[in-house]
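Undergrad: No sequence on hand, only this structure:
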């Protein structure tokens with residue numbers, strides 16, 4: 001499945017001690033060109049686990065518009081997943097939340113060219 005940047009999607013999340021997986025939400029960071037060229041998407045974790053906060057967690061103020069059932073944060077746990085494993089799109093981030101994610105990524109990965 002090819003998604004757009006800032007889509008909220010369902011993905012399978014494996015358990016290390018069980019032969020099954022659980023459906024979880026993730027945020028698409030890469031663009032459609034990357035997805036088509038590589039057959040994979042760069043994703044960011046979405047969680048409702050507020051008791052274990054990380055530096056630069058982004059509270060998703062528009063969680064309902066994003067298709068989430070309860071308040072969540074986007075967490076800077078990044079990973080790549082084959083597009084064939086994406087189970088479906090549930091929503092997309094609001095413009096405000098997109099800016100929050102972009103700002104957090106810039107703070108965490110301050111890339112500059114010499």
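TA: Right, received. Where do you want to start? Fair warning: this is a prediction, and the values are worked out from it, not measured in the lab.

Undergrad: isn't residue 54 right up against residue 74?
TA: No: the criterion here is CB atoms under 8 Å, and residue 54 misses it with residue 74 at 10.2 Å. (Glycine included, C-beta is placed from N, CA and C.)

Undergrad: phi, psi of residue 97?
TA: The phi/psi pair for residue 97 (degrees, to the nearest 10) reads phi -70, psi -30.

Undergrad: rewinding a little: between residue 54 and residue 74, which has more neighbouring residues?
TA: The neighbour count for residue 54 versus residue 74, taken as other CB atoms under 10 Å, is higher for residue 74 (27 against 14).

Undergrad: where does the residue nearest to that one when sequence neighbours are not counted sit relative to residue 88, distance-wise?
TA: Closest residue to residue 74 apart from its sequence neighbours, by CB to CB, 6 or more residues apart in numbering: residue 58 at 4.4 Å. As for residue 58, its distance to residue 88 is 23 Å (criterion: CB to CB, to the nearest Å).

Undergrad: For those two, indicate the residue with more neighbours.
TA: Remark: of residue 58 and residue 88, residue 58 carries more neighbours, 24 against 12, as counted by other CB under 10 Å.

Undergrad: Can you read off the backbone torsions of the more buried one?
TA: Recorded main-chain torsions at residue 58 are phi -110, psi 110, according to degrees, to the nearest 10.

Undergrad: again with the one 5 residues further on
TA: Taking degrees, to the nearest 10, you get phi -60, psi -40 for the backbone angles of residue 63.
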